[in-house]
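Visitor: no FASTA, just this:
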């Protein structure tokens with residue numbers, strides 16, 4: 001395909017869109033599958049030419065694109081998402097009234113062109129599906145999709161047109177497999193460099209060497225009643241005391257140290273005394289029900305479990321963030337997050353069994369963001385609570401914040417939301433679109449400021465089931481955030497039926513340059529009853545590269 005065939009989409013050029021490349025009649029990326037990537041908006045110029053384009057955010061997670069070539073401007077809509085493991089930009093013409101001469105307007109087919117972007121510092125390289133290779137695969141039966149093929153010479157090009165007429169589901173199934181082979185695309189079909197807009201200048205990820213820390217693992221195995229949990233978030237309480245927050249927890253009331261006959265409760269906590277987990281003391285806490293049986297520290301209510309996210313101490317107050325969760329849904333992993341809530345502890349220096357607690361009123365949450373479940377931290381006089389958008393698969397991470405004194409008073413009703421570099425923070429009442437810090441996060445992760453490297457770092461897992469521990473970095477909390485970098489592959493990665501998740505950093509702990517944990521689980525519930533190696537948080541110690 002010649003570049004001008006696609007670029008100049010004005011007047012009769014709309015009729016040229018079907019020549020020289022692969023077009024789909026139906027979208028590959030639907031509205032529900034679309035993601036937003038902060039690297040895409042801005043003004044761009046072709047590196048080896050004079051064409052220019054402006055990309056801006058439209059409604060939801062969609063984009064608007066204006067492309068100018070030889071003084072003519074074409075207008076497009078686009079959605080970004082994933083086709084298999086590959087990021088794809090689904091683009092289609094969006095002419096304004098008068099862009100297409102009236103005699104030809106009824107003939108225009110708004111076909112979809114699939115572009116495969118690769119991002120680097122202030123540059124984007126776009127690839128397309130090679131139409132000749134795909135046509136050969138279609139004719140041989142290696143790819144099974146309905147299609148039309150035109151060999152007509154059109155609009156000063158000698159290119160052939162290939163139109164895939166399959167439905168969105170058919171396209172995603174067949175092209176997802178086909179495009180896994182990099183040889184089927186035309187690389188550097190378009191290569192552009194940013195000229196203005198949101199400058200993307202990510203910092204590098206700090207270098208660490210990671211290793212398992214088995215001595216620290218024993219911290220969670222010293223109580224014969226507390227027999228494992230996940231989540232494992234920490235809050236620095238001061239005076240060498242660390243609060244641990246746990247999700248679903250096995251409690252053996254008999255103290256025999258076995259999960260057979262034990263009870264799983266929705267949450268528990270622990271107080272660690274001493275900052276080195278390999279030498280510290282720890283005490284675990286949970287509740288009891290009316291019959292004296294083990295129960296959650298914060299019990300289920302109205303059919304909802306309270307799963308810990310994160311917490312933060314502000315002066316003499318402790319605020320804890322939870323996901324409100326429904327179990328036994330029969331869909332996916334069997335649970336669904338239906339919202340968030342927060343609880344204030346007015347005496348955090350007391351033992352948790354003596355805590356005085358108050359549930360806080362929280363604002364409406366139409367975007368489905370699990371506020372405070374991903375991370376909570378202090379930044380420039382504010383408390384910032386991060387959360388992924390539920391149930392969006394790409395896990396975009398959004399940020400809400402409150403002044404520290406408002407948090408201490410328990411006033412969460414009026415947060416500010418991050419709305420992008422061009423806008424900044426906006427009040428909750430604003431109708432301006434919220435803007436994620438980055439995509440590709442996780443429901444559970446941590447972000448903290450790393451003073452030695454003078455940057456913010458995010459720790460999370462990547463993958464479903466067998467997962468790696470990853471890290472990304474940014475010069476400021478709101479970005480720009482770098483891509484993920486592999487930090488550590490847990491030894492459990494190769495275990496059958498394993499689930500590795502909840503990768504987190506604990507900057508207030510000592511014994512290493514940085515302390516991490518991750519959770520381990522199994523997709524076979526019965527293994528939890530018989531295998532004491534599974535379903536305990538695992539420690540990782542990081543040493544800075546010298």
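Guide: In hand now; what should we look at? Computed from a prediction, not measured in an experiment: that's the story for all the values here.
Visitor: Tell me how many other residues crowd residue 88.
Guide: Here the number of neighbours of residue 88 (other CB atoms under 10 Å) works out to 23. C-betas here are computed from N, CA, C, even on glycine.
Visitor: Spit out the contact partners of it.
Guide: Residue 88 sits next to 28-29, 80-82, 114-117, 179 when contact means CB atoms under 8 Å, 6 or more residues apart in numbering.
Visitor: same deal with residue 519?
Guide: Contacts of residue 519 (CB under 8 Å, 6+ apart): 230-232, 500-502, 535, 537-538.
Visitor: closest to residue 372 among the residues you listed?
Guide: Ranked by distance to residue 372 (CB to CB), the contacts of residue 519 are led by residue 231 at 12.7 Å.
Visitor: For that closest one, which non-adjacent residue is closest in space?
Guide: The shortest distance from residue 231 to any residue other than its chain neighbours is 3.7 Å, reached at residue 247 (CB to CB, 6 or more residues apart in numbering).
Visitor: so that neighbour sits right up against residue 265, yeah?
Guide: No - using CB atoms under 8 Å, residue 247 is not in contact with residue 265, being 9.8 Å away.
Visitor: what about residue 327, distance to residue 62?
Guide: Going from residue 327 to residue 62 by CB to CB, to the nearest Å gives 34 Å.
Visitor: wait, I meant residue 491
Guide: According to CB to CB, residue 491 and residue 62 sit 42 Å apart.
Visitor: So the two - more neighbours on which side?
Guide: Legend: neighbour count by other CB under 10 Å for residue 491 and residue 62, higher for residue 62 (16 against 10).
Visitor: contacting residues around the more buried one?
Guide: With contact taken as CB under 8 Å, 6+ apart, residue 62 is in contact with 31, 34, 77-79.
Visitor: got JSON lines for those residues, with neighbour count, secondary structure and distance to residue 404 too?
Guide: What follows is the contacts of residue 62, written out as JSON lines (neighbours: other CB atoms under 10 Å; DSSP: H, G, I helix; E, B strand; the rest coil; distance: CB to CB, whole Å):
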{"residue": "31", "neighbour count": "12", "secondary structure": "helix", "distance to residue 404": "38"}
{"residue": "34", "neighbour count": "19", "secondary structure": "coil", "distance to residue 404": "35"}
{"residue": "77", "neighbour count": "17", "secondary structure": "strand", "distance to residue 404": "42"}
{"residue": "78", "neighbour count": "21", "secondary structure": "strand", "distance to residue 404": "40"}
{"residue": "79", "neighbour count": "24", "secondary structure": "strand", "distance to residue 404": "39"}
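Visitor: and stretch 307-322, how far apart are its ends?
Guide: 5 Å (CA to CA, to the nearest Å).
Visitor: Give the buried residues for that stretch.
Guide: 307-314, 317-322 (16 or more other CB atoms under 10 Å).
Visitor: what about it, average pLDDT?
Guide: For stretch 307-322, mean pLDDT is 98.
Visitor: Now do the helices in the stretch 151-300 of the chain.
Guide: Assigned helices in the stretch 151-300 of the chain, in chain order: 168-178, 214-217 (criterion: DSSP state H, counting those that start in this stretch).
Visitor: contacting residues around the longest one?
Guide: When contacts are defined by CB under 8 Å, 6+ apart, helix 168-178 is touched by residues 24, 26-28, 30, 83-84, 114, 129, 134, 137, 142-146, 164, 166, 184.
Visitor: just the buried members of these?
Guide: Using 16+ other CB under 10 Å as the burial test, the contacts of helix 168-178 include 24, 26-28, 83, 114, 129, 134, 137, 143, 145, 164, 166, 184 as buried.
Visitor: Do you know the pLDDT at residue 200?
Guide: 44.
Visitor: try the one 5 residues further on
Guide: Per-residue pLDDT puts residue 205 at 95.
Visitor: go on, residue 422?
Guide: With respect to pLDDT, residue 422 has a value of 68.
Visitor: Equivalent analysis for residue 183, please.
Guide: Looking at residue 183, its pLDDT is 76.
Visitor: where along the stretch 401-546 of the chain do the helices fall?
Guide: 404-408, 525-530.
Visitor: Distance from the last one to the middle of the chain?
Guide: Distance of helix 525-530 from the chain centroid (CA atoms, centre = their mean, to the nearest Å) equals 30 Å.
Visitor: What residues sit buried inside it?
Guide: So for helix 525-530, counting by 16+ other CB under 10 Å, buried means 527-529.
Visitor: give me every residue that touches the residue lying closest to residue 524 once chain neighbours are set aside.
Guide: Spatial nearest neighbour of residue 524, chain neighbours left out: residue 497 (5.1 Å); criterion: CB to CB, 6+ apart. Listed by CB under 8 Å, 6+ apart, the contact partners of residue 497 are 522-524, 527.
Visitor: Make a ChimeraX selection of the buried ones in these.
Guide: Filtering the contacts of residue 497 down to the buried ones (16+ other CB under 10 Å) takes a single ChimeraX command:
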select :522,527
